[in-house]
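In: Just need the structure, nothing else, for what follows:
(2 chains)
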Amino acid sequence: MIELLASRYAYALMFVLLAIGLYMMIANENLVKKLIGVNLFQTAIFLFFVAVAYVEGGSSPVVPADPDPGAQLIASPLPHVIVLTAIVVGVALTAVGLALIVRIYAEYGTLREDTLREVRADD
Amino acid sequence: MTEAALVPALLVVVPILAATIPLALGLKVDRNGWSVAAVVCTALFGATIYLAAVVYGVVGSGGRVVHALGGYPRQYGIELVADELSTLIALLVTGVAAAVLAYTRVGGPRGNTFYSGWLLLTGGLLGLTLTGDVFNMFVFLEIVGLGTYALIASGDGPESAVAALKYLILGTVGASIYLIGVGFLFMSTGTLNMIELSTAVPETAGYDHTLVRAAFAFVFVGFAIKVAQWPLHTWQPDAYQHAPDGVTPLIAALVSTVSAYALGRVLYTVFGPEFLAVTPYATEVIVAVGAVSVVAGSTLAVVQRDVKRMLAYSSVSQFGLIVAAYGLVTETALIGAIVHLVGHGLMKAGLFVAVGVVAVGYGARRVEEYAGLAGERPFQAGSIAVLLIALVGIPPSIGFIGKWYIAVGAIEAGAWIVAGVIFLSTMLTLAYAARLLETMYFTPASATDRAHAPAGVATDGGTPSRVTVGMLALVVGVAVTAVALGFAGGTFFELLDPFVEEVFADV
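Out: Numbering: from 1, shown residues only, chains lettered A, B, ... in the order given. As a prediction, this is how the structure comes out:
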């Protein structure tokens, strides 16, 4: 168990971050902090993909002109590309989420979910 | 690369690029959004019909159409695949996206940005339908999500923003959980292409590999949120109820439908029926989730008073039926699931458009306000009645064919519980359908004080919302189609047979 954690700590860290993000989404009453939780949840997954691509002793996957490119030890580029795409998607989602929160704040005058529930119940 | 092979790429690229036109043109021309969306969606529908003709062998010899993006081989490139299944779903997507525009032209919401969102959502749905790559599927899942959140929030009331935010948080978690599953699949096999995965999963990793099983679990839970299965369905009733009337038909007919299609695609093309059969508790869990959703969704629908909310809970139960059919792993049940996907999409599109029309013309939103509708608006009431009866599954209708195939599949698989659940769900569907039918036809209008239709004055000087011939034609047209397709059960079977044969080839 200890050995597993020592050698695979990046994967363990991913699940810790996932759990923290999920907890923030569920337990926090503040809508902005909920969105930060969503971001943390996604970032944990990005970290996981980068960890998957890691090669012991490998360089970053920017391949220079080399007569024998197959002999170089480099990290796998595909997960990096995936993470880049996923980051863009995540930024777009955050933007839409924040825009919705701005509108909710303008309409109800609160960012807290419990207050929001009371206001809506009164309507 | 032949002409037909270009069509799948164009179907995805054209709407997404066209989504910028209403915004750019809006600098010069006011109110161009509807025209642009109508032209693009009709063109997409035409292109999909051509694609369908090629795939189903009306033109040429038939068979799947594959577009390799950028010409890269599928080991590390991305493919768009139009086969017998995805073409059928693409037809539904483009057809509904074009048809519902007949409602939004006068019924609103108006504005160029709204139609940009509409086209973005259509492009995302088509991408999700046609993609042959599991990571690309995640990207399109998120594009569909972004489009849906924006469209739901385009409603006037503040409630719609809250509903959209709730959906955004849950939907993002669902898609992210799916992405973890994709990561596990990539770790164990080293590929992301669906066809490659279907051979790499048994050969490179093995069906009993822990990573593959974990990937399956994550993918299923991720999609369970997107398809709105109990108890992860909570976003759906809010989203459907608070979205503008012009948006609900589109998202109710397409967003969850295409997500359910994607779930079926991953279950059957990537993992395959054999994986489902040999993995302990895989089919049991899928069937249980589906069956519980059927019962919970129908029961919650019966107690709703708002018609849109009632129909939203009805969607939870109908998708439960589809997910349960996936878990049966028989050819008949899979065909039933696909037919019911298409049929449910059509019927819900028609019902939600009809609900919008009634809200505009009659001012009714709650079940008791529908009193006397049959006397005053015979066409609307008649169409709602036909669609509700089709949803219950009374022949001849598309709803009957789907349920029939699923029931036969359940009996073939010896899953008597599922057969019982189908019977129970039919009864419960009848319960909420009959309540609305009874109110429309047998309760006199004067018995309850109904809300009056909104005054026909638009403050910005534009045309006020009113019921147009186009709206009525759309509602009646969908009702007629739902009945007419009831006679096409054999055709569906023949169209889908090559796909199902291939999936079950090595079982």
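
In: Right, and chain A sits closest to which residue of chain B?
Out: As assessed by Cβ to the nearest Cβ, chain A sits closest to B:Pro158 within chain B, at 3.5 Å. Placement of C-beta: from N, CA and C, glycine included.

In: got the residues of chain A near chain B?
Out: A:22, A:25, A:31, A:34-35, A:38, A:41-42, A:45, A:48-49, A:52, A:78-79, A:82, A:85-86, A:89, A:92-93, A:96-97, A:100-101, A:103-104, A:107-108, A:116, A:120 (Cβ under 8 Å from any Cβ of the partner chain).

In: Mark which of the residues you listed are buried, thanks.
Out: A:22, A:25, A:31, A:34-35, A:38, A:41-42, A:45, A:48-49, A:52, A:78-79, A:82, A:86, A:89, A:93, A:96-97, A:100-101, A:103-104, A:107-108, A:116 (16 or more other Cβ atoms under 10 Å in any protein chain shown).

In: Show me what the longest helix belonging to chain A is packed up against.
Out: The longest helix of chain A (DSSP state H) is helix A:77-108. Counting contacts by 3 or more Cβ pairs under 8 Å, 6 or more residues apart in numbering or on different chains; DSSP states H and E, helix A:77-108 is packed against helix A:31-53, helix A:113-122, helix B:134-153, helix B:158-189.

In: Looking at these, which is nearest to B:Val66?
Out: helix B:134-153 (13.8 Å; Cβ to Cβ).

In: check contacts around the residue of chain A found nearest chain B.
Out: Of all residues in chain A, A:Glu107 sits closest to chain B, with a separation of 3.5 Å (Cβ to the nearest Cβ). By Cβ atoms under 8 Å, 6 or more residues apart in numbering or on different chains, the residues touching A:Glu107 are B:Pro158, B:Ala161.

In: Equivalent analysis for B:Ala9, please.
Out: B:His67, B:Leu69, B:Leu80.

In: Now name the helix or strand holding it.
Out: helix B:3-18 (DSSP states H and E).

In: Tell me which residues of that helix come out buried.
Out: B:4-5, B:7-16, B:18.

In: Show the pLDDT at the one residue sitting closest to the centre of chain A.
Out: The centroid of chain A falls nearest to A:Thr43 when counting by Cα atoms, centre = their mean (1.7 Å). Note for A:Thr43: predicted pLDDT of 92.

In: Same question for B:Thr48.
Out: 90.

In: next one: the one 10 residues further on
Out: As summarised for this prediction, B:Val58 has a pLDDT of 77.

In: can I assume it sits in a strand?
Out: No - according to DSSP: H, G, I helix; E, B strand; the rest coil, B:Val58 belongs to no strand; its state is coil.

In: Without its sequence neighbours, what residue ends up closest to it?
Out: In this structure, B:Val58 finds its nearest non-sequential neighbour in B:Ala52, 7.8 Å apart by Cβ to Cβ, 6 or more residues apart in numbering or on different chains.

In: go on, A:Phe41?
Out: A:Phe41's closest residue in space is A:Gly21 (Cβ to Cβ, 6+ apart), at 3.3 Å.

In: Can you say which helix or strand has the one you found in it?
Out: helix A:9-27.

In: if I look at B:Leu341, how far off is B:Tyr56?
Out: 18 Å (Cβ to Cβ, to the nearest Å).

In: Now do the contacts for residue 80.
Out: In the absence of a named chain, this looks at chain A. A:Phe49, A:Val50, A:Ala53, A:Pro61.

In: nope, chain B
Out: With the criterion set at Cβ under 8 Å, 6+ apart, B:Leu80 makes contact with B:Pro8, B:Ala9, B:Val12, B:Val66, B:His67, B:Leu69, B:Gly127, B:Leu130, B:Thr131, B:Gly132.

In: My impression was that it belongs to a strand - is that right?
Out: Yes - per three-state DSSP, B:Leu80 lies within a strand segment.
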